[in-house]
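Participant: Need coordinates for the following:
(one chain, ligands or ions: 2)
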Amino acid sequence: MTQSLTQAQLVAWLGAFRDAVHEHRAHLTELDAAIGDADHGTNLTRGMDAVMALVDSDDVPDTAASLLKAVGMKLVSTVGGASGPLYGTFFLRAAAAAGDAETLDAEAVLGMLRAGVEGLASRGKASVGDKTMVDALAPAVQALADAVGRGDGLPAGLRAAAVAAAEGREATTPLEARKGRASYLGERSTGHTDPGAASATMLVEALADAVA
Ligand code: ADP
Ligand code: MG
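Facilitator: Ligands and ions are numbered 1, 2, ... in the order given. Predicted structure coming up:
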């Protein structure tokens, strides 16, 4: 398992996520209109546009850790709502886990994503089954861990993670929300896919695409 995640692939990941958020902005907002306040697509578009302005600037951070940290801080300061601090925490924790590693091999990428998702879940006090972004992200980390355990390369491991995220997203539909705005609806939150689980799946798919 020699393949590593390069700085160029990290940048490609962020660009692919920005593109997905733009493409599916209306869909994300519709999902949030059903069980929230109809701003999830707008929130993430604003945040990822700010992130890409930073990435495209001359002083783009040149290590994985510094780039991910800058992304996290940008998301916290621009996204607002619940998802800003949560996605921000994901990137800040991933940055801390990346540390000063020179190459991000599959184990390191797993460590980064796991730290990010654990940080997000603990910040949101959310567990799998609460109908949040954690329902997509936690299975994705587990699928990557399984793949790394089998000795699969990063591209195959991240593809498996993306499939698991999408399954986790779909599994949110029948659930009653226990966290965030959607939880105010109680039983009426059932029958709708969680918007954060939908955007989190895009985040994992973007990484799989960037590394493929
Ligand atoms: P807001 O709810 O403040 O309008 P967004 O619409 O941008 O923020 O994001 C909503 C998404 O955030 C939800 O679909 C859910 O996935 C996620 N979310 C909300 N609260 C939590 C929480 N406590 N833990 C984990 N995820 C959460
Ligand atoms: Mg909202």
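Participant: Which residue, other than its chain neighbours, is closest to A164?
Facilitator: Nearest residue to A164 in three dimensions, chain neighbours excluded: A143, at 3.7 Å (Cβ to Cβ, 6 or more residues apart in numbering). Glycine gets a C-beta too; all of them are placed from N, C-alpha and C.
Participant: In this structure A50 contacts K74, no?
Facilitator: Yes: counting by Cβ atoms under 8 Å, A50 does reach K74; the two are 5.2 Å apart.
Participant: ok, these two, which is more surrounded?
Facilitator: Using other Cβ atoms under 10 Å as the criterion, A50 and K74 rank with K74 on top: 22 against 17.
Participant: partners of the worst-scoring helix or strand of the chain on mean pLDDT, with directions?
Facilitator: Of all helical and strand segments in the chain, the minimum by mean pLDDT, DSSP states H and E falls on strand 4-5, at a mean of 92. Sheet pairing of strand 4-5 (DSSP bridges) gives strand 104-105 (antiparallel).
Participant: next helix or strand past the least confident helix or strand of the chain?
Facilitator: Note on strand 4-5: by DSSP states H and E, the next helix or strand toward the C-terminus is helix 7-23.
Participant: quick one: buried residues of that next one?
Facilitator: Across helix 7-23, burial judged by 16 or more other Cβ atoms under 10 Å covers Q9, L10, V11, A12, W13, L14, G15, A16, F17, R18, A20, V21.
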